[in-house]
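Q: I'll drop the sequence and a predicted model, then ask my questions.
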Amino acid sequence: MFDMAEHVPTGRRALWFLLVAFAITWGAWGALAALAHAQRTTYGQWPFMTLYVVGGLGPTLAAYVAVWMTREQAPLREFHARLLRWRVALRWRVALRWYALALGLPVLLGYVALGIAVALRPAVLALIAIRPWYLFASLFAMTIVGGGLEEFGWRGVLQEEWGRLVGPGRAALLIGPLWAIWHLPLFLLPGVAQYHAAFPPFLLGVIGNALLLGWLYSRTRSIMLCVFMHASMNATTMMGIAVPSGHGLSLVSPCLGLAVGALLLLATPKTTEHP
């Protein structure tokens, strides 16, 4: 007989996280969409930016609510131990190669995607405008808040909980669509990158990112490293290391992320010793 529990992960902590994250984010971004379409605020003005940031912090705040509401399962200090699994005093708790992968893999994949796009459509080369390399550090710092802190919840709570129940690969595949749907209000917000964009390529891209981040978390169990990789993904796009829209190439980057993430997860040992 089909056992639902074997296929769909459950857990109070995961449920608390999802309910609170969607409530905060959709509440803030939904109100912002209504205000923006009523021309009461625009991108750059303080009401817009305040609600925009609050919505973006939904998963971060929800992670703490979920941990607190289920502290009998594991206390807050256990969550912080995974969050701060990066450095203690002068001793590195995670091997340095993982920092290089967290920061460098998104950049590498961005350039590979550009190479594939140019090989398929040489005319795309004229549309590529990569910003100076020294801007990466400032963009990276900015995108830690503008995206990276989501990892407190998506990996720190959901990947941790569901990964133990169904394995890291299946957990990442389940998280990806939920993570993409969580972004849906952005497609109604004038001034943001997702406004009036096509959702299917975005969905595939988010699932690919979920696979990559799920792999990194499964190998390190470090929330902070996932924050760094997420910020690097966003900073790489802002640098212009991304396939330009149009020319029928919108699926190049998402498919590359899906393929690499899936291969990395398939190559991950079932029993991993966290470095």
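A: Sure thing, it's come through. Numbering: from 1, shown residues only.

Q: quick one: the strands in the chain?
A: Counting by DSSP state E, the chain has strands at residues 87-88, 91-92.

Q: contacting residues for Leu249?
A: Neighbour list for Leu249: Ala117, Leu120, Arg121, Val124, Val243 [criterion: C-beta atoms under 8 Å, 6 or more residues apart in numbering]. Placement of C-beta: from N, CA and C, glycine included.

Q: need phi/psi at it.
A: phi -110, psi 20 (degrees, to the nearest 10).

Q: next one, pLDDT for it please.
A: At Leu249, the model reports a pLDDT of 92.

Q: in the chain, which residue is closest to the centre?
A: The C-alpha lying nearest the average C-alpha coordinate of the chain belongs to His230 (C-alpha atoms, centre = their mean; 5.2 Å).

Q: distance check, it against Trp29.
A: Computed as C-beta to C-beta, to the nearest Å, the His230 to Trp29 distance reads 19 Å.

Q: now swap in Phe228 and tell me
A: Taken as C-beta to C-beta, the span from Phe228 to Trp29 is 25 Å.

Q: who has more neighbours, those two?
A: Neighbour comparison, Phe228 and Trp29: the larger count goes to Trp29, with 26 against 23 (by other C-beta atoms under 10 Å).

Q: which residues touch the residue lying closest to the more buried one once chain neighbours are set aside?
A: Spatial nearest neighbour of Trp29, excluding adjacent residues (C-beta to C-beta, 6 or more residues apart in numbering): Pro185 at 3.6 Å. For Pro185, the residues meeting the contact criterion (C-beta under 8 Å, 6+ apart) are Thr25, Trp26, Trp29, Gly30, Leu32, Ala33, Gly55.

Q: mind checking how far Pro122 is from Asn234?
A: The spacing between Pro122 and Asn234, counted by C-beta to C-beta, is 28 Å.

Q: next one: Pro185
A: For Pro185, the distance to Asn234 - C-beta to C-beta - is 18 Å.

Q: same question, Ile116
A: From Ile116 to Asn234 the distance is 21 Å (C-beta to C-beta).
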